[in-house]
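Q: got a predicted structure here, sequence first:
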Amino acid sequence: MRTFPLESINIKEAKKLQFKLIDIITRKFQGSEILALGDLGVVKGLNKPTYTKKAEEVIAEFFGAEKSVLVRGAGTGAIRWGIISFLKTGDKILVHDAPIYPTTEVTINTMGIQVVKANFNDKDALNEVLKNHEDLKGALIQYTRQKIDDSYDMQEVIEVIKNSHKDIKIITDDNYAVMKVRKIGTECGADLSAFSSFKLLGPEGVGVLVGKKDLIDKVISLNYSGGSQVQGFEAMEMLRGLIYAPVSLALQAEVNEELVTRLNLKEIPGVKNAFLANAQSKVLLVELEEEIANEVLNQAEKLGAAPNPVGAESKYEFVPMFYRVSGTFRAADKSLEKRMIRINPMRSGADTILRILKESIEKAKQQI
């Protein structure tokens, strides 16, 4: 099995992102404001809290975008509002020929949007689909992998689409990629990037949409009610999480690299192979020699591993997560469920994870 995980930034690069973000914050906020939780309500002239507006300005500048907006509904909400900003019922959207992320599929189906699929891993195949569908209005590109063998490069796919259809609007699902890779979708040429603050140590339910001013303004105009606004204290919590996310995620990437090396050196009996893959977050996929995956997961939970995600890398998740392979991967190969597990280090070190894995395999074999 061969995988093509996204290249993670290193600690040095992550530090630069942290320092850059803090520098921008100091240019937008006064010191006393930074030490406050934030304001509430629809401030006259802004129709949203002052702190929320400033936080949005920070995000836009940080990612080199024209504008940004914080929305309700986490990453799902950001993607939904992004799609609404440029598509209507009956329009066609281009997606990768792979299982669509379930919550995104709900938006597409509910809106009555027609899906056109193309293999983003094959430029010739992608160009052929684009040639045969001149009426495409939009494209959705998921940054992280949807299938095990996905290898496409975000910037290359965007360039191919834009070169063929210059007026097409492209939105990228950047969940599990922001603060891990060097460029988000808009920095690669997309019109909009959408992601969740919850996956970046921020608050629950807050989504981030970054990109072209006209599209962001459309989203803002559709979210005019007071109840739709992200409040100032939530915006500040989002910034605080974002500050610590890059270094934390870079450390996590280092642990992943150590784990895959040690496991493939056969440090743990019962492990056939180990891979790094973006499924959806960048995780360690462990292929077992026996079909005992479910029991290994049961035992790992008893030994202190988280059995399920909260927000997948949220502020609540610090112990390693031992979990079944993702739904999109299972859809691609149903046999994986019995012999493979995924491990996300979260904030833990390699030794802790290897100890839990070793003991879980031993205990699972005793149950056979």
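A: Sure thing, it's come through.
Q: roughly how far does the residue lying closest to Ala350 once chain neighbours are set aside sit from Lys48?
A: Leaving out its chain neighbours, the residue that sits closest to Ala350 by CB to CB, 6 or more residues apart in numbering is Glu258, at 4.5 Å. Every C-beta, even on glycine, is put in place using the N, C-alpha and C of the backbone. Distance of Glu258 to Lys48, given as CB to CB, to the nearest Å: 44 Å.
Q: look at the two and report which has more neighbours.
A: Lys48 (24 against 17; other CB atoms under 10 Å).
Q: Ser225 is in contact with that one, correct?
A: No. Assessed by CB atoms under 8 Å, Lys48 is found out of contact with Ser225, at 10.6 Å.
Q: how about the strands in this structure?
A: Along the chain, counting by DSSP state E, strands occupy 67-72, 92-96, 114-118, 136-142, 169-173, 192-196, 206-211, 271-278, 282-288, 321-324, 340-344.
Q: what's the last one packed up against?
A: Strand 340-344 is packed against strand 282-288, helix 293-302, strand 321-324, with contacts defined by 3 or more CB pairs under 8 Å, 6 or more residues apart in numbering; DSSP states H and E.
Q: swap the cut-off to 6 Å and go again
A: Judged by 3 or more CB pairs under 6 Å, 6 or more residues apart in numbering; DSSP states H and E, strand 340-344 is in contact with strand 282-288, strand 321-324.
Q: how much space between the residue nearest to Ala350 and Gln229?
A: 43 Å.
Q: read off the pLDDT value for the closest residue to Glu134 other than its chain neighbours.
A: Excluding the flanking residues, the one nearest Glu134 by CB to CB, 6+ apart is His165, at 7.5 Å. For His165, the pLDDT comes out at 94.
Q: low-confidence stretches in the chain?
A: By pLDDT under 70, the weakly predicted segments of the chain are 1, 279-280, 328-329, 331-332.
Q: would you map out the domains in it?
A: 11-243, 266-367 (automatic domain parsing).
Q: closest one to Gln252 among the ones you listed?
A: domain 266-367 (5.3 Å; CB to CB).
Q: start and end of the closest one, how far apart?
A: 23 Å (CA to CA, to the nearest Å).
Q: check stretch 115-125 too.
A: Terminal residues of stretch 115-125 are spaced 16 Å apart (CA to CA).
Q: so which residues make contact with that stretch?
A: Under the contact criterion CB atoms under 6 Å, 6 or more residues apart in numbering, stretch 115-125 has outside partners 92, 94-97, 126, 129, 133, 151-152, 157, 160.
Q: and the residues you listed, which are buried?
A: In terms of neighbour count (16 or more other CB atoms under 10 Å), the buried residues within the contacts of stretch 115-125 are 92, 94-97, 126, 129, 152, 157, 160.
Q: Glu33: which of these is nearest?
A: Once CB to CB is applied, the member of those that ends up nearest Glu33 is Val157, at 40.0 Å.
Q: the closest residue to the closest one other than its chain neighbours and Thr172, how far apart?
A: Ranked by CB to CB, 6+ apart and with sequence neighbours excluded, the top spatial neighbour of Val157 is Phe120, at 5.0 Å. Relative to Thr172, Phe120 is positioned 12 Å away (CB to CB).
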